[in-house]
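A.B. asks: sequence first, then the predicted structure, then my questions.
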Amino acid sequence: MKKLTRESIRKLIEEEIKTLLADDALFKQRDLPGIVPPDGTLDSHKGSSYMAKKQLAKISQYAAELYDMINDNEQIEDWKESHIAQIADDIEEVYGSMRFKNS
C-alpha cells in the first residue's frame with residue numbers, strides 16, 4: 001500500500017480541482033460548461049465573457065497555489081495581506097452583483 005505524503009495529497013487535490021474546473025458540476029443551478037474546457041485552453045471561448053472567464057481561471061489557479069505556499073500560523077508581509085484582502089473584497093462584490101442579477 002502506497003503511503004500518502006503531503007505532496008501526493010496536494011497532487012490529488014490539484015488534479016481534482018482541475019477536474020472540477022472542467023466539469024459542469026460546479027454550476028448547480030444551471031447546466032453550464034466548466035470554467036476550463038476539456039482541452040485545457042480558453043482560446044476557444046468567444047464572446048463577451050471570454051476575458052473574464054480566462055482571468056477567473058487564472059485567479060483560481062494562483063489562489064490554490066498561494067494557499068499551499070502559506071503555512072499555518074505563518075506571518076506574511078502586510079502588503080501581501082492587504083492585496084489578498086482587497087482581491088477577496090473585489091471578487092465578493094462581483095459575485096454578489098452577478099448572483100443578484102441572475103436571481
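C.D. replies: Yes, it's here. What you are looking at is a predicted structure, and each value in this text was computed from that prediction instead of being measured.
A.B. asks: and stretch 93-103, what's its mean pLDDT?
C.D. replies: Per-residue pLDDT over stretch 93-103 has a mean of 84.
A.B. asks: actually stretch 51-65, not the one I wrote
C.D. replies: The predicted model assigns stretch 51-65 a mean pLDDT of 86.
A.B. asks: what is the longest helix anywhere in the chain packed up against?
C.D. replies: Longest helix of the chain, by residue count under DSSP state H: helix 78-101. When contacts are defined as 3 or more Cβ pairs under 8 Å, 6 or more residues apart in numbering; DSSP states H and E, helix 78-101 packs onto helix 50-69. Heads up, the C-betas are built off the backbone N, CA and C, glycines and all.
A.B. asks: show me which residues of the helix it packs on are buried.
C.D. replies: Using 16 or more other Cβ atoms under 10 Å as the test for burial, helix 50-69 gives 54, 56, 64.
A.B. asks: could those go into JSON lines alongside distance to Lys18?
C.D. replies: Listed next are the buried residues of helix 50-69 as JSON lines, based on distance: Cβ to Cβ, whole Å:
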{"residue": "Lys54", "distance to Lys18": "15"}
{"residue": "Leu56", "distance to Lys18": "15"}
{"residue": "Ala64", "distance to Lys18": "10"}
